[in-house]
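A.B. asks: Have a look at this prediction, sequence included:
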Amino acid sequence: MRAPNAAALDERITRLEAKLLDNQRDLHTLLQKIREVSRLQANSGQTHKNPANDQAETMVTDKGKDKAVPRRSQRSPVMMVAVAILTGLAVGIAYFLVTAKGDPSALTVPNWISTIIDRFNGWVG
């Protein structure tokens, strides 16, 4: 009787891993679109866009070695926090789905979480 349960669990884990991979791809695509929009907004002030100038702006010359080195992108701290939160949510949801095994009692919220939320709401406002 354990073999069918193990096989079903293995199949469920495989499906969840596939969903997680799809979500990661979607997140990556979304981040690319956000970067593209941000780049377009930053360049919207330029009347004549020259790709050669664009490349020159993203390259920093290494004076010691006399060659161009790509400049590290400057991401917004808010964007980095948002990405970290979304990644944490995706990993947390996947972990919850794998460990809950369909048990509805796992959906109950412990009392201490409500206390933390109430204190946070009182602090914020």
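C.D. replies: Structure's in. What do you need? Numbers count the residues shown, from 1 in each chain.

A.B. asks: Now Thr115: which helix or strand?
C.D. replies: Taking DSSP states H and E as the definition, Thr115 sits inside helix 111-124.

A.B. asks: quick check: mean pLDDT across that helix?
C.D. replies: Mean per-residue pLDDT for helix 111-124: 80.

A.B. asks: Quick one: list the elements packing against that helix.
C.D. replies: Judged by 3 or more CB pairs under 8 Å, 6 or more residues apart in numbering; DSSP states H and E, helix 111-124 is in contact with no other helix or strand. Where you see a C-beta, it was placed from the backbone N, CA and C, and this is true even at glycine.

A.B. asks: From Thr14, how far off is the nearest residue to Arg12 once chain neighbours are set aside?
C.D. replies: If the residues on either side of it in the chain are set aside, Arg12 comes closest to Val98, at 7.9 Å by CB to CB, 6 or more residues apart in numbering. Val98 sits 11 Å away from Thr14, taking CB to CB, to the nearest Å as the criterion.

A.B. asks: More neighbours: those two, which one.
C.D. replies: Here Val98 and Thr14 are set side by side on neighbour count (other CB atoms under 10 Å), and the busier one is Val98, at 14 against 10.

A.B. asks: sec struct for that one, please.
C.D. replies: Assigned by DSSP: H, G, I helix; E, B strand; the rest coil, the conformation of Val98 is helix.

A.B. asks: measure it to His28 for me?
C.D. replies: According to CB to CB, Val98 and His28 sit 22 Å apart.

A.B. asks: Mind giving me the packing neighbours of the longest helix anywhere in the chain?
C.D. replies: In the chain, assigned by DSSP state H, the helix with the most residues is helix 2-43. For helix 2-43, the contact count by 3+ CB pairs under 8 Å, 6+ apart identifies helix 77-100 as packing neighbours.
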